[in-house]
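S.K.: I would like to see how this sequence folds:
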Amino acid sequence: MPLLPYLEADRIEAGCDEVGRGCLAGPVVAAAVILPPDYSNPWINDSKKLSKPNRENLIEEIKSKALAWAVAEASVEEIDRINILHASFLAMKRAVLSLAVPPEHLLIDGNRWKSDLKLPYTCVVKGDGKFASIAAASILAKVYRDELMERLAEEFPHFAWERNAGYPTQAHRQGIERFGSTIWHRKSFQLLPRQLVLGLK
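M.R.: Below you'll find the predicted structure:
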């Protein structure tokens, strides 16, 4: 069953989502997507429910059919400075500001949103499984971030980022324990359960 095309007809709605909040390494990435009100694609869904090939197949479809789309980051340094929640908001704000078509309303995945943008918004819990524009944003953000972490894995091969995208898997934490942290690790996060004992910085 296709996801909902809009919350309210006859206005320009941008779906917004972010990826990478729970990672130990790498930036947090957000996307914003404005879809045509009559657009429908039964394959578009929450990116976490799609296989990697399906997500990658949908990328060009979303980019070509969207009225506007944008992807933006908040850096590891920003995450450590302002915390991951506010960095997620910052990445979403940057994505919204990068849209070629100004939105009239934002559909935000999740239960809260904070920004100095003068735009009305609606927070939608599990919105990436309810609205097509939010799902499309989740797909763009995840594919972008996964590809970024795959490229970083070539330079930093000890953490299996090409498989875990920076999330706290056993292989990732074993890499940190053996080789230490990198410039891409979030120093404000607990990188290892025994971090305090090891005195990791």
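
S.K.: For the protein, give me the ranges with low pLDDT.
M.R.: Residue ranges of the chain with pLDDT under 70: 1, 194-201.

S.K.: who does the longest helix seen in it touch, helix- and strand-wise?
M.R.: As assigned by DSSP state H, the longest helix anywhere in the chain is helix 132-155. Counting contacts by 3 or more CB pairs under 8 Å, 6 or more residues apart in numbering; DSSP states H and E, helix 132-155 is packed against strand 13-19, strand 28-34, helix 52-65, strand 68-74, strand 105-109, helix 161-164. All C-beta spots, glycine's among them, are computed from the backbone N, C-alpha and C.

S.K.: can you put those in a markdown table and add mean neighbour count and distance to P42?
M.R.: Output for the helices and strands packed on helix 132-155, formatted as a markdown table (neighbours: other CB atoms under 10 Å; distance: least, CB to CB, whole Å):
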| stretch | mean neighbour count | distance to P42 |
| --- | --- | --- |
| strand 13-19 | 30 | 17 |
| strand 28-34 | 30 | 17 |
| helix 52-65 | 14 | 11 |
| strand 68-74 | 22 | 20 |
| strand 105-109 | 23 | 19 |
| helix 161-164 | 20 | 29 |
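
S.K.: Any chance of a markdown table for those, columns distance to E154?
M.R.: What follows is those, written out as a markdown table (distance: least, CB to CB, whole Å):
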| stretch | distance to E154 |
| --- | --- |
| strand 13-19 | 20 |
| strand 28-34 | 19 |
| helix 52-65 | 18 |
| strand 68-74 | 19 |
| strand 105-109 | 30 |
| helix 161-164 | 8 |
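
S.K.: and of those, who's closest to C123?
M.R.: The closest of the helices and strands packed on helix 132-155 to C123 is strand 105-109. By CB to CB, the value is 4.8 Å.

S.K.: Just want the angle from that closest one to helix 132-155.
M.R.: Angle, strand 105-109 to helix 132-155, by axes from the mean of the first three to the mean of the last three CA atoms, to 10 degrees: 60 degrees.

S.K.: Sheet-wise, list the partners of strand 105-109 with their directions.
M.R.: In the sheet, strand 105-109 lines up against strand 13-19 (parallel), strand 121-124 (parallel) (DSSP bridges).

S.K.: Out of these, flag the one nearest W43.
M.R.: Nearest to W43, of all these, is strand 13-19, at 15.9 Å by CB to CB.

S.K.: Check what contacts that closest one and list those residues.
M.R.: Contact with strand 13-19 is made by 6-7, 28-35, 47, 68, 88, 91-92, 95-96, 99, 103-109, 127-128, 131-138, 141-142, 145, as judged by CB atoms under 8 Å, 6 or more residues apart in numbering.

S.K.: excluding its backbone neighbours, what's nearest D146?
M.R.: A165 (5.2 Å; CB to CB, 6 or more residues apart in numbering).

S.K.: quick one: the strand or helix carrying R81 to chain centroid distance?
M.R.: R81 belongs to helix 76-82 when elements are defined using DSSP states H and E. On the basis of CA atoms, centre = their mean, to the nearest Å, helix 76-82 sits 16 Å off its chain's mean C-alpha point.

S.K.: List the buried residues of the helix or strand following that helix.
M.R.: Per DSSP H and E, the first helix or strand lying C-terminal to helix 76-82 is helix 84-97. For helix 84-97, the neighbour count (16 or more other CB atoms under 10 Å) marks 84, 87-96 as buried.
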